[in-house]
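Colleague: The sequence isn't on hand, but the structure is:
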């Protein structure tokens, strides 16, 4: 069992930019839904929470099939709220660090395991990636590349914020801002590089499919 | 802060639905199941359906009913443990009839809210004196408790959810009712997961 006791998969959003008529966690890459990929990586974590909203019945059914002991958390206001507020729906009940994952993220299994090894000895850890996307948020680091010191929309920074992090419950608040904006008040935070990116557009989905065929060749 | 935990009985605390078992004890399973299905499909309101079911079953020997419930009904084990650890804070909220479910409630040993049977001078069941409105039960508990957590699976748990602070739809015995799911904060599908969640709320 992992010393990280809680993982929260945020699967409530509509994913309108991808333009598929289904929840993004139900999109298949390499023959499995993104949710299935996540669940397979989280078998060591005692409590897996799945926040559902858009097309919740489909997502709940898939979550129950994959992990019968997961805790489904409903976000009925998913159209008006964002990922941070979905995380808060869970974090408000917790007193221990929690791993947060956007359901629409593609992650290399090996680097996820390495991230978890590092997460097991940290209270907070920010997942950053060299796989960048068209509208991703980048991170500013200290000179040793150990700590995140800022988040930015400027494209000249090479590392992208992945949406994957170990956070403490007070880092999640009920405000309509982005997760990285909430984390900003707690900087600097340790970083860990992980091969991952989120699927927001058709180009991102193509990149995911390409990786599933050709492997994770670093850009 | 004082928290009350309120559990539905049939299909939530128990692994079986109770009315089909009661019907089986007197050979009326077909008749009762037609009414149950019509109720689940939303064709009959719960109160009317329940009165009809009681009329069909009123001549049944109560000892047969108790016998079948005592021998055939299994509780969700992990939830029983939770109830034992929090006996003063746990309550059964069931629309089922007091005289029928008495042996199960005695086993649980906690305060319960039930529908009330009408008994005639000869001590026989002749109808329903009062059908429990689950919202009333929650309002009563509200006088003593600051926070109410509810766990249920059926359409008749909706009034209870509407009055509660936290609502958990429970899908261990069967899929929870869809309307109830839409009112819930959490959906869980097995007893030990439910207890983990209750301990975190």
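Modeller: Looks like it came in fine. What you see is a predicted model; the values in this text were computed from it and never measured.
Colleague: show me the contacts for residue A:5.
Modeller: Residues near residue A:5 by CB atoms under 8 Å, 6 or more residues apart in numbering or on different chains: A:45, A:46, A:47, A:96, A:97, A:98. C-beta here means a position set from N, CA and C on the backbone, and glycine is covered the same way.
Colleague: Looking at it now. What's its pLDDT?
Modeller: At residue A:5, the pLDDT value in this model is 96.
Colleague: measure it to residue A:48 for me?
Modeller: For residue A:5, the distance to residue A:48 (CB to CB, to the nearest Å) stands at 10 Å.
Colleague: swap in residue B:13?
Modeller: 25 Å.
Colleague: on that earlier part again, name the nearest of the contacts of residue A:5 relative to residue A:53.
Modeller: Distance to residue A:53, by CB to CB, is smallest for residue A:98 among those, at 18.7 Å.
Colleague: ok, that closest one - contacts?
Modeller: Contacts of residue A:98 (CB under 8 Å, 6+ apart): A:4-8, A:87, A:90-91, A:166-169, A:172.
Colleague: Mind listing the residues bridging to it?
Modeller: Per DSSP bridges, the residues bridged to residue A:98 are residue A:6, residue A:167.
Colleague: Give me the number of neighbouring residues for residue 199.
Modeller: Since you didn't name a chain, this refers to chain A. For residue A:199, the count of nearby residues is 26 (other CB atoms under 10 Å in any protein chain shown).
Colleague: You answered for a different chain; I wanted chain B.
Modeller: 10.
Colleague: near chain B, which residues of chain A?
Modeller: A:47, A:57, A:60, A:64, A:68-74, A:76, A:89, A:93-94 (CB under 8 Å from any CB of the partner chain).
Colleague: Tell me which of these fall in helices.
Modeller: The helices in this structure, assigned by DSSP state H, contain A:57, A:60, A:64, A:89 from the residues of chain A next to chain B.
Colleague: Quick check: the farthest pair among the contacts of residue A:5?
Modeller: Among the contacts of residue A:5, A:46 and A:97 lie farthest apart (CB to CB), at 12.7 Å.
Colleague: any common contacting residues for those two?
Modeller: A:5, A:6.
Colleague: more neighbours, those two?
Modeller: residue A:97 (22 against 14).
Colleague: ok, the more buried one touching residue A:6?
Modeller: Yes - assessed by CB atoms under 8 Å, residue A:97 is found in contact with residue A:6 at 7.5 Å.
Colleague: which residues of chain A fall in strands?
Modeller: A:6-11, A:28-29, A:32-33, A:47-52, A:71-74, A:98-102, A:105-107, A:125-129, A:138-141, A:147-152, A:160-167, A:189-193, A:196-198 (DSSP state E).
Colleague: What lies in contact with the last one?
Modeller: In this structure, residues lying in contact with strand A:196-198 by CB under 8 Å, 6+ apart are A:102, A:104-108, A:111-112, A:127, A:129, A:131-133, A:136, A:160, A:162-164, A:204, A:207-208.
Colleague: Weed out the non-buried ones from these.
Modeller: A:102, A:104-108, A:111-112, A:127, A:129, A:131, A:133, A:136, A:160, A:162-164, A:204, A:207-208 (16 or more other CB atoms under 10 Å in any protein chain shown).
Colleague: what sits against the residue of chain B found nearest chain A?
Modeller: As assessed by CB to the nearest CB, chain A sits closest to residue B:187 within chain B, at 4.0 Å. Each residue near residue B:187 by CB under 8 Å, 6+ apart is listed here: A:60, A:72, A:74, B:168, B:169, B:170, B:171, B:176, B:181.
Colleague: CSV for the residues you listed, including distance to residue A:39, neighbour count and pLDDT?
Modeller: Putting the contacts of residue B:187 into CSV (distance: CB to CB, whole Å; neighbours: other CB atoms under 10 Å in any protein chain shown; pLDDT from 0 to 100) gives the following:
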residue, distance to residue A:39, neighbour count, pLDDT
A:60, 13, 23, 96
A:72, 13, 26, 98
A:74, 19, 24, 98
B:168, 21, 27, 98
B:169, 21, 30, 97
B:170, 21, 30, 96
B:171, 18, 21, 94
B:176, 21, 25, 93
B:181, 21, 20, 96
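Colleague: Just name the closest of those residues to residue B:114, please.
Modeller: Closest to residue B:114, out of all of these and judged by CB to CB, is residue B:170, at 19.1 Å.
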